[in-house]
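**Q** Mind looking at a prediction? Sequence and model below.
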Amino acid sequence: MASTETTTAAAKDGGDLAGLEAGLDALETVPQGRKPFRQTLTEKILPPVLAVALVLAVWQALVSFKVVDDPSKLPAPADVWNVVRDAWLQGELLGYIWTSVSRGLLGFCLALLIGTPLGLLVARVKFVRAALGPILSGLQSLPSVAWVPPAVIWLGLNNSMMYAVILLGAVPSIANGLVSGVDQVPPLFLRAGRTLGATGLKGTWHIVLPAALPGYVAGLKQGWAFSWRSLMAAEIIASFPDLGVGLGQLLENGRNASDMAMVFEAILLILIVGIAIDLLIFSPLERWVLRSRGLLVRN
Amino acid sequence: MATTLAKAADGMETATSAARIEHVSKSFAGPAGQQLVLDDISLDVAPGEFVTLLGASGCGKSTLLNLVAGLDRPSAGAITTDGRPALMFQEHALFPWLSAGKNIELALKLRGVPKNERRGKAEELLELVRLGGAHGKRVHELSGGMRQRVAMARALAQESRLLLMDEPFAALDAITRDVLHDELTRIWRETGLSVLFVTHNVREAVRLAQRVVLLSSRPGRIAREWTVGIPHPRRIEDTAVAELSVEITEELRGEIRRHGQH
């Protein structure tokens, strides 16, 4: 049995403990600051700029030293630049871009509206998962260009056909992203949520969905890449003047006119727009989600 | 499981326990058929009492805590608690998508506290664990000890009469753990909560509890109980704490040794 005498001479008072605790807290918290701009410049911005410059230099060299001596096969960078500049001066460039981007983003938003509840159903309802899970994963690996011929036959040469192709490309990515996000929710969070009273729908809303956000955002990012690719495939195959000229049609027009500079212009624009949307919307979204949870490693 | 609410509504006082565990057994389906994890456990935690459950690996102490928390059902027997108990884990289990304060506010929200009162209550609870001003801090910006204190504040936000703790300080360094022992003792005495605290650390058990319950392993049975009469404030290095720890450790080792004999 325990003896009841106290052996500590002085009892610690509350203020003593508070001071000790404040000291520990100060010692164990590491202040975090933002990186200086100079460092960002040399570590993040300079390398890709150099890589692009290198590609341009090699391209120019191939043309200058007549390694490829046929402008209909490889136009000079300056020629492509002139085509882009002309399109800009004639006010057509933004039109091409807007036609495709508005289609792509609208299609993506529709895919979001369908893919999110679908993903949630697959993740949370066992029967739906067993039934649809494998089909969704399978669809994800099917190149969405395969959907263009049936979509043209079912819907005709119009905008709905484009949206159908985008949906078939992006919905599986978004749904699968959400499913893997939900699957990776640590069981501890679910247990903690249940002891706090978050069960059923409350649990889904307050615990499962926010916990699954990183996986979901990764799915969105991939969903956008798939939307954009599907749309380009649809625009190239189903180019029809009444539909307006998007970047895919521009590429197809260049091929029909055997105008290699125009083909290059279209390819560059498709690439740049795809990257720009990712850099402006999806990467910041992803970084914000990860950083706010301390999941972004920086060094 | 019989999680009935407090039977003592107004008139009766001290008639109920904070938790009453009656002849509880639990078995799981294992590779070798049904495996008995807890065998006929009976334990009462009085209102305001601090009880530690002590045992080696495999004694089913975490299983017992899950049963009391209502996260799992006993195979036999009944558990009665005064409302839904609050539970603290070895890991802080704070939600990383919410700030420290919002974690506490979520607990308040799920308990039905109106929106305009949540912020103030969360601040009060943070003050209680001496983290006033940490409301907007992200979980990853806090040290291990601070996280466990926020977790404690979140558990207290449930305003449950019973706090279950599953080795909540096991992952902390010795200095921080010692400080949190003082902190927990202070909060327990200020709030009059009942605490059921699971640990495999004998000194921790003796330093904190009014009663230490030793569980044997495989299956978990109550092997022995000690009442700890050492007055607070206690220190981990007190001779009284050390002496009782030696006695309990001997008993615990005896329990463990039995498993090597066959």
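**A** Thanks, I have it.

**Q** Excluding chain neighbours, give the residue nearest to the residue in chain B positioned nearest to chain A in space.
**A** Going by CB to the nearest CB, chain A is nearest to B:H140 of chain B, at 2.5 Å. C-betas here are computed from N, CA, C, even on glycine. Once flanking residues are discounted, B:H140 sits nearest to A:G294: 2.5 Å by CB to CB, 6 or more residues apart in numbering or on different chains.

**Q** what about the one you found, neighbour count?
**A** Counted by other CB atoms under 10 Å in any protein chain shown, the residues lying close to A:G294 total 14.

**Q** surely it meets B:V139?
**A** Yes - counting by CB atoms under 8 Å, A:G294 does reach B:V139; the two are 7.0 Å apart.

**Q** and stretch A:234-247, how far out from the chain's middle?
**A** Offset of stretch A:234-247 from its chain centre (CA atoms, centre = their mean, to the nearest Å): 24 Å.

**Q** What of stretch B:58-70?
**A** 10 Å.

**Q** in that stretch, what counts as buried?
**A** B:59-70 (16 or more other CB atoms under 10 Å in any protein chain shown).

**Q** Just the residues contacting that stretch, thanks.
**A** For stretch B:58-70, the external contacting residues (CB atoms under 8 Å, 6 or more residues apart in numbering or on different chains) are A:195, B:1, B:3, B:19, B:21, B:24, B:26, B:37-38, B:41, B:53-55, B:72-74, B:79, B:81, B:84-85, B:87, B:162, B:164, B:166-167, B:196, B:198, B:200, B:215-220.

**Q** Where helices are concerned, which of the residues you listed count?
**A** The helices, defined by DSSP state H, take in A:T195 from those.

**Q** Find the residue at the geometric middle of chain A.
**A** In chain A, the centroid-proximal residue (CA atoms, centre = their mean) is A:K221; its distance is 1.9 Å.

**Q** do you know how far it is from chain B?
**A** Distance of A:K221 to chain B, computed by CB to the nearest CB, to the nearest Å: 18 Å.

**Q** residues contacting the nearest residue to B:E123 once chain neighbours are set aside?
**A** Of all residues not flanking B:E123 in the chain, B:H135 sits nearest, at 6.2 Å (CB to CB, 6+ apart). Contact analysis of B:H135 by CB under 8 Å, 6+ apart lists B:99-101, B:122-123, B:126.

**Q** Go again with 10 Å.
**A** B:99-105, B:119, B:122-123, B:126, B:150 (CB atoms under 10 Å, 6 or more residues apart in numbering or on different chains).

**Q** Buried ones only from those residues, please, as a PyMOL command.
**A** Here is the PyMOL command that selects the buried residues among those (16+ other CB under 10 Å):
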select buried, chain B and resi 99+100+101+102+103+104+105+122+123+126+150
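
**Q** Now distance to A:L56, secondary structure and pLDDT too, for the contacts of B:H135, in a markdown table please.
**A** Below are the contacts of B:H135 laid out as a markdown table (distance: CB to CB, whole Å; DSSP: H, G, I helix; E, B strand; the rest coil; pLDDT from 0 to 100):
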| residue | distance to A:L56 | secondary structure | pLDDT |
| --- | --- | --- | --- |
| B:S99 | 46 | strand | 92 |
| B:A100 | 50 | helix | 92 |
| B:G101 | 52 | helix | 93 |
| B:K102 | 49 | helix | 93 |
| B:N103 | 51 | helix | 94 |
| B:I104 | 55 | helix | 94 |
| B:E105 | 54 | helix | 94 |
| B:R119 | 56 | helix | 92 |
| B:A122 | 56 | helix | 92 |
| B:E123 | 58 | helix | 92 |
| B:L126 | 56 | helix | 92 |
| B:V150 | 53 | helix | 94 |
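
**Q** May I ask which two of the contacts of B:H135 are separated the most?
**A** B:R119 and B:V150 (15.4 Å; CB to CB).

**Q** pLDDT wise, what is A:L167 at?
**A** pLDDT for A:L167: 92.

**Q** how many neighbours does it have?
**A** Around A:L167 there are 22 residues (other CB under 10 Å).

**Q** Can you tell me the SS state at it?
**A** The three-state assignment at A:L167 reads helix, by DSSP: H, G, I helix; E, B strand; the rest coil.

**Q** and if you look at A:L157?
**A** coil.

**Q** so it touches A:Q249, yeah?
**A** No - counting by CB atoms under 10 Å, A:Q249 is not a contact partner of A:L157; they are 11.6 Å apart.

**Q** so what sits against both of those two?
**A** With CB under 10 Å, 6+ apart as the test, A:L157 and A:Q249 both reach A:238-240, A:243.

**Q** could the residues you listed go into CSV alongside secondary structure and neighbour count?
**A** Output for the shared contacts of A:L157 and A:Q249, formatted as CSV (DSSP: H, G, I helix; E, B strand; the rest coil; neighbours: other CB atoms under 10 Å in any protein chain shown):
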residue, secondary structure, neighbour count
A:A238, coil, 23
A:S239, coil, 19
A:F240, coil, 13
A:L243, helix, 19
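
**Q** Output those residues as CSV; include the columns distance to chain B and pLDDT.
**A** As requested, the shared contacts of A:L157 and A:Q249 are exported to CSV (distance: CB to the nearest CB, whole Å; pLDDT from 0 to 100):
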residue, distance to chain B, pLDDT
A:A238, 42, 79
A:S239, 45, 71
A:F240, 46, 72
A:L243, 42, 76
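
**Q** for those, which one is nearest B:R207?
**A** Of all those, the one with the least separation from B:R207 (CB to CB) is A:A238, at 75.7 Å.
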